[in-house]
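Asks: sequence unknown, structure follows:
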DNA sequence: TCTTGTGGGTTTGATTTTCAAACTATTGAC
DNA sequence: GTCAATAGTTTGAAAATCAAACCCACAAGA
């Protein structure tokens, strides 16, 4: 299936087994091994195949497969940065950049539960150009009632569509 | 390896290939297929094997394997709720409950990019006991400089440990 | 007593994924 | 003419996944 030049990359429709759920649908596109690590590297600005392989640790053939499926999912785009010899680099689409909160949440959880001292910290470059440590891991707050959200108090409700 | 009654369930140490990173470490524990969907169901209060199998869509043998590895990872605990016949239910540990933000981020991304109308919405039961729709998907804001965070402006820095 | 149902799994055998390592192809630099 | 760099592909073996069938202890109903 060839994507024409002018088709805006947008994730395709997915169907999920079990409970109808956006998170499950999301995981169908980014839940395979290495996929989110590839997104992490692209978020950090890494662009080239070899660097992606080194920084993720993914086997090269798996990396190739993931890059293809992420591209098909509209999460990354591949573009040549030179011809002869053909060389490519990978970029996140807008949908791909929007995965940053997922990575932040994983960073935060890993920092809290898996390490006494985090193996790496994130610095944020603010609008003044200066960098400062970026703390992660503020618990989610319901923007409506402004209470911290415990999932105990969250109930999923189906919207339209076929009944289960 | 038997876990004694008094050992508090805490995720074990993990090592990751590629870039040293808490997110990668987190994915080693919850990145296998079905794991995060199991956590989702437990967050929703589903407790029993059969219901977990139905609601996630996981094959029963995979579900068994995931429940065991999540337990070993200190993310869930298994307890008998009756003997004769032995019947079990599954609960999230504190570490497991802390995965809620990861699921929220996936919900949010899926809602935004994969559906015109979300297949399910989350309602929040506030402290007054009344329920209201819970909007997801506010972009992350740096708590230090209070700017919305673009990952373009985030740089990972290694902390102590062996140099790469 | 015999059957059916429920809960929580195992087992089976086939398919699919993953893996590390070796290999290829194109080109520029020395 | 040899070397290195980039972006993969190929190979053959190991591991993970799958649907479906099976199992066991018990309870309820006929």
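Replies: Cool, got the structure. The structure displayed is predicted, hence computed values, not measured ones. Numbers count the residues shown, from 1 in each chain, chains lettered A, B, ... in the order given.
Asks: Break down chain A into its strands, ranges please.
Replies: For chain A, the strands defined by DSSP state E occupy A:76-82, A:87-92, A:120-125, A:131-133, A:154-158.
Asks: same question for the shortest one, mean pLDDT?
Replies: Strand A:131-133 comes out with an average pLDDT of 82.
Asks: Now do that strand: which elements does it pack against?
Replies: Judged by 3 or more Cβ pairs under 8 Å, 6 or more residues apart in numbering or on different chains; DSSP states H and E, the packing partners of strand A:131-133 are strand A:120-125. Every residue, glycine included, has its C-beta placed from N, CA and C.
Asks: what packs against the strand it packs on?
Replies: Contacts defined by 3+ Cβ pairs under 8 Å, 6+ apart place strand A:120-125 against strand A:131-133, strand B:154-158.
Asks: strand partners of it, parallel vs antiparallel please.
Replies: According to DSSP bridges, strand A:120-125 has the following sheet partners: strand A:131-133 (antiparallel), strand B:154-158 (antiparallel).
Asks: which other residues reach it?
Replies: With contact meaning Cβ atoms under 8 Å, 6 or more residues apart in numbering or on different chains, strand A:120-125 is reached by A:107, A:131-134, A:136, B:19-22, B:142, B:144-145, B:147, B:149, B:153-159.
Asks: out of the residues you listed, which are buried?
Replies: Buried members of the contacts of strand A:120-125, scored by 16 or more other Cβ atoms under 10 Å in any protein chain shown, are A:107, A:134, A:136, B:19-22, B:142, B:145, B:149, B:153-156.
Asks: how about the strands paired with strand A:120-125, which one is nearest DNA strand C?
Replies: Comparison of those against DNA strand C by Cβ to the nearest atom of the strand identifies strand B:154-158 as nearest, at 22.0 Å.
Asks: Report the distance from the closest one to the chain centre.
Replies: 24 Å (Cα atoms, centre = their mean, to the nearest Å).
Asks: Let me see the mean pLDDT of that strand.
Replies: Averaging pLDDT along strand B:154-158 yields 77.
Asks: To DNA strand D, which of the strands paired with strand A:120-125 lies closest?
Replies: strand B:154-158 (20.5 Å).
Asks: how about the residues of chain A near DNA strand D?
Replies: Selection of chain A residues close to DNA strand D by Cβ under 7 Å from any atom of the strand yields A:17, A:48-50, A:60-61, A:64, A:67, A:78, A:81, A:85-89.
Asks: now those residues: which count as buried?
Replies: For those, a burial check counting by 16+ other Cβ under 10 Å picks out A:49, A:67, A:89.
Asks: tell me which of those residues is nearest to DNA strand C?
Replies: Of all those, DNA strand C sits closest to residue A:49, with 11.2 Å by Cβ to the nearest atom of the strand.
Asks: Show me which residues of chain A sit near DNA strand C.
Replies: Selection of chain A residues close to DNA strand C by Cβ under 7 Å from any atom of the strand yields A:32, A:33, A:34, A:58, A:59, A:60, A:61, A:62, A:65, A:84, A:85.
Asks: least confident pick among those residues?
Replies: Of all the residues of chain A next to DNA strand C, residue A:84 has the smallest pLDDT value, namely 79.
Asks: could I get the helices and strands packed on strand A:120-125 as TSV with distance to residue A:93?
Replies: Output for these, formatted as TSV (distance: least, Cβ to Cβ, whole Å):
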stretch	distance to residue A:93
strand A:131-133	27
strand B:154-158	19
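Asks: Quick one, which of those strands gets closest to residue A:44.
Replies: Closest approach to residue A:44 among the helices and strands packed on strand A:120-125 is made by strand B:154-158 (6.2 Å; Cβ to Cβ).
Asks: Show me the one of the strands paired with strand A:120-125 that comes nearest residue B:11.
Replies: With Cβ to Cβ as the measure, strand B:154-158 is the member of the strands paired with strand A:120-125 nearest residue B:11 (21.2 Å).
Asks: Mind listing residues that contact the closest one?
Replies: Here strand B:154-158 makes contact (Cβ under 8 Å, 6+ apart) with A:43-44, A:119-125, A:131, A:134, B:19-21, B:164.
Asks: Endpoint to endpoint, stretch A:14-21 covers what distance?
Replies: Its first and final residues considered, stretch A:14-21 spans 11 Å by Cα to Cα, to the nearest Å.
Asks: I'd like the mean pLDDT over it, please.
Replies: Taken as a whole, stretch A:14-21 has a mean pLDDT of 88.
Asks: so, in contact with chain B or not, that stretch?
Replies: Yes: using Cβ under 8 Å from any Cβ of the partner chain, stretch A:14-21 reaches chain B at A:14, A:16, A:17, A:18, A:19, A:20, A:21.
Asks: Helices along chain A, start to end?
Replies: For chain A, applying DSSP state H gives helices covering A:22-30, A:35-43, A:49-56, A:60-72, A:94-97, A:100-114.
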